[in-house]
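Student: using only what follows, build the 3D model:
(one chain, ligands or ions: 2)
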Amino acid sequence: MNTPLSTAQPDLFGSADVLPPGFVFTPGFVTPAEEAALIALAATLPFAEARYHQYTARRRVVAWGSARHAITGDEPKRQPLQALPPLLQALRTRLGTWAGLAADEIVQVLMSEYRPGTPLGWHRDAPQYELIAGVSLGGPARLRLRPWPPESGDRNEVISLDLAPRSAYRMSGPARWGWQHGLPPVPAQRWSVTMRSARR
Ligand SMILES: O=C(O)CCC(=O)C(=O)O
Ligand SMILES: [Fe+2]
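Tutor: Ligands and ions are numbered 1, 2, ... in the order given. Here you go, the predicted structure:
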């Protein structure tokens with residue numbers, strides 16, 4: 001059956017044919033043991049709320065990367081990439097390989113913590129970045145995507161994708177530049193690790 005994007009049904013979540021071009025999703029990218037180790041690492045990190053454009057985001061983040069590549073320039077706990085913990089260095093190499101990047105092309109690593117009930121508002125990532133790749137840990141989340149700018153498509157055309165724990169996603173091309181994304185409030189504690197290359 002041919003299901004239009006605007007009425008994507010729950011049983012189609014994760015199906016590649018309903019995702020925007022340039023969006024790649026894969027379940028089971030990390031093992032439960034790797035996930036547990038990353039969550040244990042998170043417990044040691046100095047998460048803080050970050051200003052995101054004009055508002056303070058409710059998720060808390062830790063960022064590694066040069067000042068030039070900070071999302072907004074005012075993340076409270078930004079650290080150099082050389083200070084990236086070994087577990088995240090290994091993930092940077094693996095996620096980069098999966099996303100088609102050399103590890104050194106990834107100029108920013110962001111770990112985010114979403115306490116239960118925390119949303120992430122509609123946005124496109126800052127334009128100084130090109131490719132975005134992320135891994136989900138802990139609780140589930142539903143990623144929503146809508147065309148951007150609005151006149152480029154049907155504004156009611158919202159695609160939802162369940163981001164299962166341990167899955168990975170990658171956004172480039174149209175999915176990255178021609179769509180916004182956001183998360184409705186998460187039902188349970190969740191972490192994500194997102195990585196970005198510099199805009200070419
Ligand atoms: O938590 C996620 O997987 C999404 C994060 C995101 O969209 C971002 O950091 O820009
Ligand atoms: Fe984003």
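
Student: what residues does this structure put near ligand 1?
Tutor: With C-beta under 6 Å from any ligand atom as the criterion, the chain meets ligand 1 at residues 110, 112, 120, 125, 134, 136, 181, 192, 194. C-beta: built from backbone N, CA, C; applies to glycine.

Student: same thing but 5 Å
Tutor: Within the chain, the positions near ligand 1 by C-beta under 5 Å from any ligand atom are 125, 134, 192, 194.

Student: check contacts around Ile106.
Tutor: 92, 95-96, 195-197 (C-beta atoms under 8 Å, 6 or more residues apart in numbering).

Student: number of residues surrounding the residue nearest to it when sequence neighbours are not counted?
Tutor: Nearest residue to Ile106 in three dimensions, chain neighbours excluded: Met195, at 4.6 Å (C-beta to C-beta, 6 or more residues apart in numbering). Met195 has 27 neighbouring residues, counting by other C-beta atoms under 10 Å.

Student: how about the contacts of Ile106 in JSON lines, adding pLDDT and secondary structure?
Tutor: JSON lines is the format used below for the contacts of Ile106 (pLDDT from 0 to 100; DSSP: H, G, I helix; E, B strand; the rest coil):
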{"residue": "Arg92", "pLDDT": "96", "secondary structure": "helix"}
{"residue": "Leu95", "pLDDT": "97", "secondary structure": "helix"}
{"residue": "Gly96", "pLDDT": "96", "secondary structure": "helix"}
{"residue": "Met195", "pLDDT": "95", "secondary structure": "strand"}
{"residue": "Arg196", "pLDDT": "94", "secondary structure": "strand"}
{"residue": "Ser197", "pLDDT": "95", "secondary structure": "strand"}
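
Student: can you give me the strands in the chain?
Tutor: 23-26, 48-52, 55-65, 106-114, 120-123, 129-138, 141-147, 159-163, 168-171, 179-183, 190-198 (DSSP state E).

Student: if we can go back for a sec, tell me the bridge partners for the residue nearest to Ile106.
Tutor: Met195 forms beta bridges with Val109, Ala133, as assigned by DSSP bridges.
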